[in-house]
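Asks: Okay, sequence plus prediction incoming.
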Amino acid sequence: MATNEGSRLIYSTVQLDLKRKAIRLVAVLPSDQSALISCKFHIQMLQESISYTALSYTWGDASNPMGIVLDGKPFKVRKNLWQFLQKMRQQGSLELFWIDAICIDQENVQERNHQVSLMKDIYSKASQVAFWLGPASANSNLAIEMIKMGPSFHKKGLLPMWTPDEGKALLELCSRSYWKRIRIIQEFL
């Protein structure tokens with residue numbers, strides 16, 4: 001993650017109690033599509049019931065961070081996360097998200113270690129886990145439809161499962177960098 005000049009100030013106003021199971025959640029605020037993406041923090045204790053979505057995604061390339069506004073202050077995120085936030089804003093999503101690159105002060109080693117130790121609880125207590133594979137490609141919808149259909153069976157065995165176009169769509173979807181992450185197992189379980 002690129003260093004965020006104002007991150008100390010941002011995180012100091014929403015400090016986590018590291019002696020408890022406290023996490024930050026973030027909401028994407030509605031705004032005009034031409035405006036910077038704006039988000040707001042919420043502090044939550046994992047023991048308390050609240051609906052939120054934990055995001056599973058790849059951080060991506062750090063070379064060209066994108067700007068957002070976090071609790072009224074400038075903040076940088078990587079392009080892949082920016083694309084997710086942009087999609088949520090377009091959809092008018094008002095839900096709370098747990099997103100590690102934003103919700104954890106990445107420059108604070110003590111906090112980062114504390115939050116990593118809570119990740120099993122963070123994902124298991126989430127009302128849902130969203131898997132962001134990146135922006136849709138020309139054949140993403142076809143690949144998703146093929147996955148939803150599952151394999152085709154015939155009394156003499158398997159039928160051809162897909163056409164060349166369907167196979168290409170599935171291969172492209174399964175070749176995304178998301179599937180190469182080590183932590184994906186922890187997030188699925």
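Replies: The structure has been received and is ready for your questions.
Asks: what stretches of this structure score poorly on pLDDT?
Replies: The chain contains residues with pLDDT under 70 at 1-6, 136-137, 140, 147, 150-164, 168-171, 173-189.
Asks: Let me see the ranges of the helices in it.
Replies: Counting by DSSP state H, the segments of the chain that form helices are 7-12, 79-91, 100-103, 109-117, 119-125, 140-149, 164-174, 184-188.
Asks: residues near the closest residue to Lys125 other than its chain neighbours, how many?
Replies: Among residues not flanking Lys125 along the chain, Leu46 sits closest, at 5.6 Å (CB to CB, 6 or more residues apart in numbering). Bear in mind the C-beta positions are built from the backbone N, C-alpha and C, glycine included. Applying other CB atoms under 10 Å, we find 15 residues neighbouring Leu46.
Asks: Centroid-nearest residue for the chain?
Replies: Leu55 (3.0 Å; CA atoms, centre = their mean).
Asks: Please name the bridge partners of that one.
Replies: Under DSSP bridges, the beta-bridge partners of Leu55 are Ala130.
Asks: List the residues that contact Ile37.
Replies: 28, 31, 68-69, 82, 85-86, 89 (CB atoms under 8 Å, 6 or more residues apart in numbering).
Asks: With Lys87 as the reference, measure out to the residue nearest to Gln90 when sequence neighbours are not counted.
Replies: In space, and not counting its chain neighbours, Gln90 is closest to Gln33: 6.9 Å by CB to CB, 6+ apart. Distance of Gln33 to Lys87, given as CB to CB, to the nearest Å: 11 Å.
Asks: Please apply the same query to Lys76.
Replies: Distance of Lys76 to Lys87, given as CB to CB: 18 Å.
Asks: Looking only at neighbour counts, state which of those two leads.
Replies: More neighbours surround Lys76 than the other of Lys76 and Lys87, with 21 against 14 (other CB under 10 Å).
Asks: Touching, that one and Gly67? I think so.
Replies: Yes. Counting by CB atoms under 8 Å, Gly67 is a contact partner of Lys76 at 6.1 Å.
Asks: Report how many residues lie close to Gln86.
Replies: Residues near Gln86, counting by other CB under 10 Å, number 16.
Asks: ok, it - contacts?
Replies: Counting by CB under 8 Å, 6+ apart, Gln86 makes contact with Ile37.
Asks: again with Leu25
Replies: 41-44, 50, 52, 96-98, 103.
Asks: Derive a PyMOL selection command for the buried subset of these.
Replies: To isolate the buried members of the contacts of Leu25 in PyMOL, using 16 or more other CB atoms under 10 Å:
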select buried, resi 41+44+52+96+97+98+103
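Asks: Strands - which of the contacts of Leu25 land there?
Replies: 41-44, 96-98 (DSSP state E).
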